[in-house]
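Q: return atomic coordinates for the entry below.
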Amino acid sequence: MDNNNCRQCRKFGTKLFLKGERCLTPKCAVTRRNYAPGGQGAKTRPPRKSEYGIQLLEKQKAKTEYGLRERQFSKIFQTASKSKTATGSQLLKLLEIRLDNVIYRLGWASSRAQARQIVLHRKIKLNDKIANIPSIVLKVGDIVSPKDKKSISPVKAVLPKWLKLDVKDQKAEILRLPERTEIESDIDEQLITEFYSR
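A: Numbers count the residues shown, from 1 in each chain. Next up, the predicted model:
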C-alpha cells in the first residue's frame with residue numbers, strides 16, 4: 001500500500017502527503033524520482049493530454065489526496081454545485097471540513113488515511129458523542145475531541161485559522177468555513193468543475 005501511495009504522488013507529479021511526515025523528508029519518492037512511474041520510458045517526455053484528460057487527471061488527483069471513492073467524490077461535488085458560491089471553491093471547503101480531514105489538520109494523525117482509521121476505531125467524539133463515520137461534514141460550532149488522550153498521537157502541524165484548538169483539554173472547534181486561500185492544496189478546482197460540466 002505504501003509503495004502504491006508513492007506511485008500515486010509520482011503519477012500526479014506532486015506531493016499528496018499520503019504517507020504523512022515521510023513526505024517531508026528526503027525519502028519522499030517525488031523528491032527522489034520526480035517523474036511518472038512506469039520504468040525507463042517514464043523519464044521521457046509524456047504524451048500530450050487532451051483537455052478532457054487534463055480535467056480527469058485533476059479530479060483523480062483530488063480524489064486521491066482526500067482519499068475518496070468516485071461515488072463519495074461525486075456526491076460532494078453535487079452538494080457543492082447547489083451552493084450560491086463558486087462550485088469549485090465550495091467543493092474544496094466541503095472536502096476540508098470532513099471529519100477525517102479535520103483530524104488530519106489538527107495534527108492528531110500524520111495522514112488522512114490514519115485519521116480515517118482513528119475515526120473508524122471509535123476514538124473520536126463529535127459534540128461529546130462517539131463518531132465513527134469519517135465522511136461526516138462538520139458545521140460551524142461543532143466540537144471535536146479524542147475519546148481519551150491515548151486515542152491520538154499528535155504530530156507537528158500548522159493549525160488552520162478556521163479551527164480553534166484547546167491543547168490542554170484536547171478539544172477543537174470549527175470556527176468557520178475555510179477560505180480558498182487557507183486550503184493547502186495545489187488542486188485546480190476549476191478543472192474539476194469543467195469535468196463535471198461536460
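
Q: check contacts around residue 178.
A: Shown in contact with residue 178 (C-beta atoms under 8 Å, 6 or more residues apart in numbering): 93, 96-97, 160, 162. For the C-beta atoms, the positions are set from N, CA and C on the backbone; glycine is no exception.

Q: you'd agree it is in a strand?
A: No - counting by DSSP: H, G, I helix; E, B strand; the rest coil, residue 178 is located in no strand; its state is coil.

Q: now it: how far from residue 69?
A: Between residue 178 and residue 69 the distance, using C-beta to C-beta, to the nearest Å, works out to 23 Å.

Q: so residue 124 bridges to which residues?
A: Residue 124 forms beta bridges with residue 146, as assigned by DSSP bridges.

Q: okay, now it: neighbour count?
A: Applying other C-beta atoms under 10 Å, we find 26 other residues in the vicinity of residue 124.

Q: residue 174 against residue 165, yeah?
A: No - using C-beta atoms under 8 Å, residue 174 is not in contact with residue 165; the gap is 11.0 Å.

Q: other SSEs contacting the biggest helix by length in the chain?
A: Counting residues, the longest helix in the chain under DSSP state H turns out to be helix 51-66. Helices and strands touching helix 51-66, by 3 or more C-beta pairs under 8 Å, 6 or more residues apart in numbering; DSSP states H and E, are helix 2-12, helix 70-81, helix 189-196.

Q: got the angle between the shortest one and helix 51-66?
A: With axes from the mean of the first three to the mean of the last three C-alpha atoms, to 10 degrees as the basis, helix 189-196 and helix 51-66 are set at 120 degrees to each other.

Q: can you tell me what sits against the helix or strand where residue 95 lies?
A: Per DSSP states H and E: residue 95 is located in helix 87-96. With contacts defined as C-beta under 8 Å, 6+ apart, helix 87-96 is touched by 62, 66, 68, 76-77, 79-81, 83, 101-102, 105, 137, 177-178, 180, 183, 185, 187, 189-190, 192-193.

Q: hang on, the earlier thing: and the longest helix of the chain, how far out from the chain's middle?
A: Relative to its parent chain, helix 51-66 has a centroid offset of 13 Å by C-alpha atoms, centre = their mean, to the nearest Å.

Q: following the helix holding residue 95, which helix or strand shows up next?
A: Downstream of helix 87-96, the next assigned helix or strand under DSSP H and E is helix 99-105.

Q: pLDDT wise, what is residue 24 at?
A: Note on residue 24: pLDDT of 58.

Q: quick check: the gap between the residue nearest the centre of the chain and residue 81.
A: Residue closest to the mean C-alpha point of the chain, counted by C-alpha atoms, centre = their mean, is residue 66 at 3.2 Å. Counting by C-beta to C-beta, the gap from residue 66 to residue 81 is 17 Å.

Q: burial check on residue 137, number of neighbours?
A: Residue 137 - counted by other C-beta under 10 Å - has 16 other residues nearby.

Q: which phi and psi does it have?
A: phi -90, psi 120 (degrees, to the nearest 10).
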